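In: Sharing a model that was predicted from the sequence below.
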Amino acid sequence: MPLTTLPELRKEAASVHGAIAAFQTDFVEMMQAVCREAQAARTPVIVQTTPKCWDYNRPALFAAALKELTARNDIPVCLHLEQAKSLEQIERAIEYGYTSVMFEDIEEMGLFDKDPSNVGTIGVKPLSETRLEDAAGLCAGAGISMGVRLHPMLFGNRNRYARERSERLEYFRSLKIEILGIDLMECYFIHRSGGEAVLDGNIVDAIQSCLRQEFSLILQNGSRLSDQEVQAVVAEGFYAVNFADEAGRVYCDGMKEAIRISPSETDPLIYTSEAMNYVRQLVNERISLCKSI
């Protein structure tokens, strides 16, 4: 099956009555493990990288390998670039065959035009808006989906952010941006007796304001939260959970364990096979978690 975009996966999330799991895959071996488990579970996945991955991989071959893997499966897969910070990176992602891009929160990156001579000048936009509009135009022209990662403070429990949030969402809609990546920290949860986790009411209101405007929501850094907290977020309407670099960490754990057991082994496939087994187990667990809502 050909690669798909994030909005198209939203329909798949509805079909499994849960959320789609996203895994950062820094090597082709990790990509294979994710795709195999997704096929076994009959559940779509998001295979993602960051631009840093391009420093030690040939991205064109990386994307080609994923296309070959997905061609053998009948499960939808999205190739997603996380942490895009420049137009150049988006252009490269388009060239390499990515089907989705998540642009970093521009305010958090400090990309405002700080030249005091431009303040209040008619027709001069903040640097952040200019870059975001250019990025949205690039993605729309290439037919790939684009999301924006929001600063978590805008979803905090302070009423003074409500107007700013509303204005920001309206601006995103004007650019035809439909995906928002939201990083919810542990402090946004209430934990009841018995281990049940629920989101703070003000956070729920903020989430609902996004859903009412038909934004697709992705939970960022899901690996930082407990299983109960992830489930609480998905239950509020998030259609995807980004588990960040968790797959990379367990890949390293599997490699270390294989070396510990067989320190004199000279066949590297013994080590990588065990590392892939660790990744496959993680993917299976995370897919099950996202579907158990």
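Out: Done, it's in. Residues are numbered from 1 along each chain as shown.

In: which SSE is C290 in?
Out: helix 268-291 (DSSP states H and E).

In: Now tell me what touches that helix from outside.
Out: 16-21, 23, 29-30, 32-34, 36-38, 40-41, 43, 45, 227, 230-231, 234, 241, 243, 246-247, 250-255, 257-259, 262, 265 (CB atoms under 8 Å, 6 or more residues apart in numbering). To be clear about C-beta, it is placed using only N, CA and C from the backbone, and glycine gets the same treatment.

In: In helices, which of these fall?
Out: Assignment to helices by DSSP state H places the following of those there: 29-30, 32-34, 36-38, 40-41, 227, 230-231, 234, 246-247, 250-255, 257-259.

In: Can you classify the nearest residue to Q32 once chain neighbours are set aside as helix, strand or coil?
Out: Excluding the flanking residues, the one nearest Q32 by CB to CB, 6 or more residues apart in numbering is L69, at 6.4 Å. Classification of L69 by DSSP: H, G, I helix; E, B strand; the rest coil places it in helix.

In: for E170, same thing?
Out: E170 ends up helix, using three-state DSSP.

In: Report pLDDT for it.
Out: Note on E170: pLDDT of 87.

In: Over to N277?
Out: For N277, pLDDT reads 92.

In: if we can go back for a sec, let me see the contact set for the residue nearest to Q32.
Out: Shown in contact with L69 (CB under 8 Å, 6+ apart): M31, Q32, C35, V77.

In: what number of residues lie near V241?
Out: By the criterion of other CB atoms under 10 Å, V241 has 26 neighbours.

In: give the contact list for the closest residue to it other than its chain neighbours.
Out: Using CB to CB, 6+ apart and skipping the chain neighbours, the partner closest in space to V241 is G222 (4.2 Å). Shown in contact with G222 (CB under 8 Å, 6+ apart): V230, V233, V241, N242, F243, A244.

In: Kindly recompute the last result at 7 Å.
Out: V230, V241, N242, F243 (CB atoms under 7 Å, 6 or more residues apart in numbering).

In: what do you get for F243?
Out: Going by CB under 7 Å, 6+ apart, F243 touches A21, A22, F23, G222, S223, R286.

In: Quick check: the gap between it and R42.
Out: To R42, F243 is 19 Å away according to CB to CB, to the nearest Å.

In: Also Q89?
Out: Distance, Q89 to R42, by CB to CB: 33 Å.

In: now A136
Out: Per CB to CB, A136 is found 34 Å from R42.

In: neighbour count winner among those two?
Out: Neighbours per residue (other CB under 10 Å) separate A136 from R42, with A136 holding more: 20 against 11.
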